[in-house]
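Colleague: this one's sequence-less:
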């Protein structure tokens, strides 16, 4: 066992932090803030990261990566998420869309997509959920009907993050066979979002801009060459992709950044004649947050340790994800509690505290126990595959 | 960074688990609880033969020279099997002697403690004290030869079975100190507490017990650091033991949810039941990794002070003490009525877990340590 990052990893972290200090403009807050400058900035930043070899650093060299360790990848995730994810939507490419193409893509697909991802040039969105297929994703109804050298796609996707960024491509799940068991008739596609027949409609949400959209497919023609993996085998790919995605966002790192700001605030702020830091209830709340952040962090590191040993951390990743999503929400909750009524104020109000960070934290973290598999779905996975409990009928 | 156990550590855990499964089923834990000492002398002898009491003590003290992490791994297995032994308490009592004891006390006690031939006990908690870290009121009056100690210690773990007591005392003219007192010294009276926990606890009353300078650990009046460090080791080991208790309770709950049928199907198909089991696992995995981190950090710090270790210990203890009530509430709820019968095994674990929760400082005191460690 070893509970410390290597000196090389720590040096890399320092380098990355210095880079972000230099590059992040003063107006930058998080990727979800409604600011026309945000999305173009994330693209520029990704290109700068790519130029340093940091964007896809744990990818293999043959696909434009640097073959660096999963731990350096973890350092990147921590520093980026703590800084409001200035890579914008592109973290999805790096975490699982790229790796899925490496694993299941044809040489042509790899040559077409991976270099652009490694260059920081391309935004992907994910087309999985549908209005009637959420937790029961396998019952999705969007149809892809083969017609010669292409599929004709019809249907509706929903809750698609960054589709309005605008996204260049979509990782799409569609039904190619309605005659078999529902999991066995699904295929995965690498869809060009400029294809005629695709319409994107953003959904205004509490959680901020670009968080969710709907995508409509009306007789959209997708070339057969854009199918990833075999026809009807898409469900297997989903399982592989999501196992890594569960630890793909270092949510504890952002919660820890919030905690640092709250500790400084509690030390510097006098309320009713005494520093907040001396109020026992405040001390206990912040210590509780610190404790839960540490648990989430170590459980992520435990899952990454399994990954580093060449295995897939299935149950461990689900457990880590439950801790991570809950602690990100707890940070916003405790942050607002500490600020009281002034916590309601947006950053452009002259009386806002901490630059409005706590209201952003609270609002932006509401979806995290729902998106990419609800907490309850994670618990079902742990119950059945981790504990061996019987499956409900 | 690597949070996986190495092959030796895995082997240690497996061999302990197999030993308990083979030779110490819960029927034995029940028998032990009926003994006056409340633990099996035979099993303690066997532990001594396996070298467990000295596993984390250095070779020059008669130990095997492994780390605190190895002892923590053993402690988890003890918890999983509801084994009550003075393994971690006796180790914790040896630490102040190891770090700062006089040559005389070291020569007299360390090797027997490392071999399991003697049992040590920390006697620190007093009536009116918040916890084991509180300054002692038990007084030491100065005499020509040293001091005479008088006062009462409560909830001394394995106090009645101990051969040597490490007692915190306020020595006249010196202040809070740690003193090594043989349990058979004149003026030492021990009375087993009546308690619902299976662990044997005793009230220890000292009346004019004569001690000398050589019996004092380190400099008189300068014992707090060594005591706190020993208590930190104990707290980590107790947490690892508690992880084993919780994991055993989870295994029982899963087994019950799988096999108990109502409305014609196993109750575990209901998410209201299965998710209670998952919530236990979600907490237990966090408890374990926090305990491992604390053991790793504290083991590396050795006899030195380390802010990283202090923080890691506080985090592990605060989390476990916060989580354990809900882990066991869920275990009992999943079981329904059978869970609170004496006939069923769950009570063996839930009574021990409450003992962990209430000794060694409660959740609030560890949380306060966490608050300090983050700059509050």
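Modeller: That came through fine. Source: prediction; values computed, not measured.
Colleague: stretch B:243-257 close to chain A?
Modeller: Yes - Stretch B:243-257 comes into contact with chain A (CB under 8 Å from any CB of the partner chain), by way of B:250, B:254, B:257. Any C-beta I mention is one placed from the backbone N, CA and C, and that applies to glycine too.
Colleague: nearest spatial neighbour of the first one, skipping sequence neighbours?
Modeller: It stands for residue B:250. What sits nearest to residue B:250 in space, not counting adjacent residues and going by CB to CB, 6 or more residues apart in numbering or on different chains, is residue B:280, at 4.7 Å.
Colleague: these two touch, right, residue B:106 and residue B:98?
Modeller: Yes - judged on CB atoms under 8 Å, residue B:106 makes contact with residue B:98 at a distance of 7.3 Å.
Colleague: who has more neighbours out of the two?
Modeller: residue B:98 (22 against 19; other CB atoms under 10 Å in any protein chain shown).
Colleague: helices of the stretch 51-200 of chain B, start to end?
Modeller: Remark: helices assigned in the stretch 51-200 of chain B by DSSP state H, counting those that start in this stretch are B:68-80, B:87-100, B:103-115.
Colleague: sorry, back to before: anything in contact with each of residue B:106 and residue B:98?
Modeller: Contact criterion CB atoms under 8 Å, 6 or more residues apart in numbering or on different chains; residues shared by residue B:106 and residue B:98: residue B:61.
Colleague: so who does the nearest residue to residue A:361 once chain neighbours are set aside touch?
Modeller: Leaving out its chain neighbours, the residue that sits closest to residue A:361 by CB to CB, 6+ apart is residue A:332, at 3.7 Å. Shown in contact with residue A:332 (CB under 8 Å, 6+ apart): A:258, A:358, A:361-365.
Colleague: the helix or strand harbouring residue A:332: what's the following helix or strand?
Modeller: Element membership for residue A:332 (DSSP states H and E) is helix A:314-339. Downstream of helix A:314-339, the first helix or strand assigned by DSSP H and E is helix A:357-365.
Colleague: that following helix packs against which elements?
Modeller: Packing partners of helix A:357-365 (3 or more CB pairs under 8 Å, 6 or more residues apart in numbering or on different chains; DSSP states H and E): helix A:251-268, helix A:314-339.
Colleague: residue numbers of the stretch 201-350 of chain B in contact with chain A?
Modeller: B:250, B:254, B:257-258, B:265-266, B:268-271, B:274-275, B:277-279, B:281-282, B:285-286, B:289-290, B:292-293, B:296-297, B:315, B:318-319, B:322.
Colleague: if we use 6 Å, what do you get?
Modeller: B:254, B:257, B:266, B:268-269, B:274-275, B:277-278, B:282, B:285-286, B:289, B:293, B:296, B:315, B:318-319 (CB under 6 Å from any CB of the partner chain).
Colleague: picking that back up, can I get the helices of the stretch 51-200 of chain B in a markdown table with distance to chain A and mean pLDDT?
Modeller: Shown next, in a markdown table, are the helices of the stretch 51-200 of chain B (distance: least, CB to the nearest CB, whole Å; pLDDT from 0 to 100):
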| stretch | distance to chain A | mean pLDDT |
| --- | --- | --- |
| helix B:68-80 | 7 | 98 |
| helix B:87-100 | 19 | 97 |
| helix B:103-115 | 24 | 97 |
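Colleague: so can I have a markdown table of the ones you listed showing distance to residue B:376?
Modeller: Listed next are the helices of the stretch 51-200 of chain B as a markdown table, based on distance: least, CB to CB, whole Å:
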| stretch | distance to residue B:376 |
| --- | --- |
| helix B:68-80 | 28 |
| helix B:87-100 | 28 |
| helix B:103-115 | 38 |
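Colleague: is it true that residue B:211 lies in a helix?
Modeller: No - looking at residue B:211 with DSSP: H, G, I helix; E, B strand; the rest coil, it is strand, so not inside a helix.
Colleague: residue B:146 is in contact with that one, correct?
Modeller: Yes - using CB atoms under 6 Å, residue B:211 is in contact with residue B:146, at 5.3 Å.
Colleague: who has more neighbours, the two?
Modeller: A direct count of neighbours by other CB under 10 Å for residue B:211 and residue B:146 places residue B:211 higher, at 24 against 19.
Colleague: residue farthest from the centroid of chain A?
Modeller: Going by CA atoms, centre = their mean, the residue of chain A most distant from its centre is residue A:273, 42.5 Å out.
Colleague: report pLDDT for that one.
Modeller: At residue A:273, the pLDDT value in this model is 95.
Colleague: residues contacting residue A:61?
Modeller: Contacts for residue A:61 were tallied using CB atoms under 6 Å, 6 or more residues apart in numbering or on different chains; they are residue A:67.
Colleague: helix, strand, or coil at the residue of the stretch 101-250 of chain A found nearest chain B?
Modeller: Ranked by CB to the nearest CB, the top residue of the stretch 101-250 of chain A for proximity to chain B is residue A:135, at 11.8 Å. At residue A:135 the chain is in coil, as set by three-state DSSP.
Colleague: where's residue A:258 relative to residue B:185, distance?
Modeller: Counting by CB to CB, to the nearest Å, the separation of residue A:258 from residue B:185 is 55 Å.
Colleague: doesn't residue B:205 lie inside a strand?
Modeller: Yes - the assignment for residue B:205 by three-state DSSP puts it in a strand.
Colleague: from residue B:211, how far off is it?
Modeller: Taken as CB to CB, the span from residue B:205 to residue B:211 is 15 Å.
Colleague: what's the answer for residue A:120, then?
Modeller: From residue A:120 to residue B:211 the distance is 72 Å (CB to CB).
Colleague: with residue A:261 instead?
Modeller: 52 Å.
Colleague: do the same with residue A:55
Modeller: In terms of CB to CB, residue A:55 sits 68 Å off from residue B:211.
Colleague: same question for residue A:338.
Modeller: As judged by CB to CB, residue A:338 and residue B:211 stand 50 Å apart.
Colleague: list the buried ones in the helix holding residue A:332?
Modeller: A:314-336, A:338-339 (16 or more other CB atoms under 10 Å in any protein chain shown).
Colleague: do the same with stretch B:56-75
Modeller: Buried residues in stretch B:56-75 (16+ other CB under 10 Å): B:56-57, B:61-64, B:66-75.
Colleague: which residue ranges make up the domains of the chain?
Modeller: You didn't pick a chain, so chain A it is. Per automatic domain parsing, the domain ranges recorded for chain A read A:7-122, A:126-232, A:246-386.
Colleague: right idea, wrong chain: chain B
Modeller: B:7-87+B:108-115, B:120-215, B:224-373.
Colleague: between these, which one is closest to residue A:41.
Modeller: domain B:224-373 (36.3 Å; CB to CB).
Colleague: quick one: average pLDDT of the closest one?
Modeller: For domain B:224-373, the per-residue pLDDT averages 96.
Colleague: assign a three-state SS to residue A:207, would you?
Modeller: Recorded secondary structure, residue A:207: coil (three-state DSSP).
Colleague: and the helices and strands packed on helix A:357-365 as a markdown table, adding mean pLDDT?
Modeller: Below are these laid out as a markdown table (pLDDT from 0 to 100):
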| stretch | mean pLDDT |
| --- | --- |
| helix A:251-268 | 98 |
| helix A:314-339 | 96 |
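Colleague: CSV for these, including distance to residue A:177?
Modeller: CSV is the format used below for those (distance: least, CB to CB, whole Å):
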stretch, distance to residue A:177
helix A:251-268, 37
helix A:314-339, 27
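Colleague: what's the nearest residue to residue B:203 if we skip its chain neighbours?
Modeller: Closest to residue B:203 by CB to CB, 6+ apart is residue B:191, at 5.0 Å.
Colleague: of all of the stretch 1-150 of chain B, which residue lies closest to chain A?
Modeller: For the stretch 1-150 of chain B, CB to the nearest CB, closest residue to chain A: residue B:3, 4.3 Å.
Colleague: run a quick neighbour tally on the residue of the stretch 101-250 of chain B found nearest chain A.
Modeller: In the stretch 101-250 of chain B, the residue that lies nearest chain A is residue B:250 (7.8 Å; CB to the nearest CB). Residue B:250 has 24 neighbouring residues, counting by other CB under 10 Å.
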